[in-house]
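Student: coordinates only, sequence not included:
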Ligand code: HEC
């Protein structure tokens with residue numbers, strides 16, 4: 001029973017109905033900071049994005065080739081579509097290897113210290129989304 005309550009509470013933090021293609025609202029109610037977002041995307045300890053993706057990061061020698069290049073992401077997708085893809089890419093592609101950066105429900109074998117926590121906070125998600133929106137070509 002307590003588990004069910006936890007799951008319901010967790011889903012409410014983000015509140016995406018299944019089948020939706022976007023999260024139109026900011027998770028924090030505020031706009032993110034693109035400079036902080038860029039730092040996170042390029043950082044191998046925080047975002048890990050470049051494990052799989054490549055992008056306009058001339059200072060990063062090692063970039064991934066398991067996922068689409070992030071160049072042009074802000075042209076291909078709306079802000080809400082990007083937000084959903086970072087929060088929980090499995091909503092778009094259930095077989096996705098991309099981590100759900102802001103989902104707490106439905107995860108298995110989570111170490112106790114991480115239970116109920118997300119990889120990135122709502123504020124960090126907004127920063128990453130703000131940065132991706134600057135990638136227009
Ligand atoms: C373990 C690999 C992996 C990591 C880490 C990862 N992604 Fe992804 N990402 C993917 C794959 C694979 C796709 C292609 C769609 C799918 O399979 O879900 C994708 C899709 C995307 C898309 C849509 C791409 C497009 O234009 O079609 C964006 C934007 C994105 N990721 C951003 C990020 C950001 C930002 C991070 C870091 C916070 C990140 N990803 C971390 C694997 C990854």
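Tutor: Now that the structure is in, tell me what you want to look at. Given the structure is predicted, the values throughout are model-derived calculations rather than measurements.
Student: from here on, contacts and neighbour counts on C-alpha atoms
Tutor: Fine.
Student: show me the contacts for residue 45.
Tutor: Residues counted as contacts of residue 45 (C-alpha atoms under 8 Å, 6 or more residues apart in numbering): none.
Student: distance of it relative to the ligand?
Tutor: Distance from residue 45 to the ligand, counting by C-alpha to the nearest ligand atom, to the nearest Å: 11 Å.
Student: which SS class is that residue?
Tutor: Three-state assignment for residue 45 (DSSP: H, G, I helix; E, B strand; the rest coil): coil.
Student: pull the distance from stretch 20-32 to the chain's centre.
Tutor: 11 Å (C-alpha atoms, centre = their mean, to the nearest Å).
Student: how about the residues of this structure near the ligand?
Tutor: Residues of the chain lying near the ligand by C-alpha under 6 Å from any ligand atom: 41, 47-49, 51-52, 66-68, 70, 73, 82, 89, 93, 96-98.
Student: need the buried ones from those residues selected in PyMOL.
Tutor: In PyMOL syntax, the buried subset of the residues of the chain next to the ligand is picked out as below (16 or more other C-alpha atoms under 10 Å):
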select buried, resi 41+47+49+51+70+73+82+89+98
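Student: residue 65 contacts residue 54, correct?
Tutor: Yes: contact status for residue 65 versus residue 54: in contact at 6.6 Å, counting by C-alpha atoms under 8 Å.
Student: and the residue most central in space within the chain, its phi and psi?
Tutor: Residue closest to the average C-alpha location in the chain (C-alpha atoms, centre = their mean): residue 86, at 2.0 Å. The phi/psi pair for residue 86 (degrees, to the nearest 10) reads phi -80, psi -40.
Student: right, and it touches residue 102 too?
Tutor: Yes: shown here, residue 86 and residue 102 form a contact pair, counting by C-alpha under 8 Å, at 7.4 Å.
Student: and residue 65 and residue 54? which has more neighbours close in?
Tutor: Between residue 65 and residue 54, residue 54 has the larger neighbour count (other C-alpha atoms under 10 Å), namely 20 against 12.
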